[in-house]
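the following comprises the amino acid sequence and a computationally predicted model.
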Amino acid sequence: MITRDEKVLMGLRKGSHGEGEWSFPGGSVEWGESLFQTVIREAMEESGLVVSDLELISVADEMRYIDSDGKQFLVLGFKANASSGEPKVMEPEKCERWDWFSLDSLPENIFEGTRLTIENYKNKNIYLECRYENNKN
């Protein structure tokens, strides 16, 4: 969750997971990288922004793709300040555009991992257990 002037940065996703939904920048940890190094790298790679003042704000189970793709994700949400630069679409195959939103005026179509991070942040929870419920009978 990159912040600037009391707003958060979200990108409109393209691709197989969450196309047409808004999400925070993010990605996977690379071998030998700390979590903070991952946040700094992913912010730069996806948005071109330099970030600082990192804080872990959420841990969430993303289970949306268990039935469709056989995948479950652990989402670690961090809050960071945009130190310099303006957001740019650095990966046009993954993101259509970046916009700033007030936490009180968010779009409705939010990617699950981002939604869980926002909910934990607003409720001052680091982790709220989420259980998988298989809808197959």
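Thanks, I have the structure now.

and Leu12, bridged to which residues?
Here Leu12 sits in beta bridges with Trp22, as judged by DSSP bridges.

please name the nearest non-neighbouring residue to the residue nearest the centre of the chain.
The centre of the chain sits closest to Phe24, judged by CA atoms, centre = their mean, with a distance of 3.3 Å. Among residues not flanking Phe24 along the chain, Thr114 sits closest, at 5.0 Å (CB to CB, 6 or more residues apart in numbering). (Glycine included, C-beta is placed from N, CA and C.)

check which residues of the helix or strand containing the one you found are buried.
Here Thr114 sits within helix 112-122, counting by DSSP states H and E. If you call a residue buried by 16 or more other CB atoms under 10 Å, then helix 112-122 has these buried ones: Glu112, Gly113, Thr114, Arg115, Leu116, Thr117, Ile118, Asn120, Tyr121.

okay, now the nearest residue to Gly18 once chain neighbours are set aside: neighbour count?
In this structure, Gly18 finds its nearest non-sequential neighbour in Phe111, 4.3 Å apart by CB to CB, 6+ apart. Phe111 has 24 neighbours, counted by other CB atoms under 10 Å.

which SS class is Val89?
Under DSSP: H, G, I helix; E, B strand; the rest coil, Val89 falls in the coil class.

show me the contacts for it.
Gly11, Cys95, Glu96, Arg97, Trp98 (CB atoms under 8 Å, 6 or more residues apart in numbering).

state the pLDDT value of Ile40.
pLDDT recorded at Ile40 is 97.
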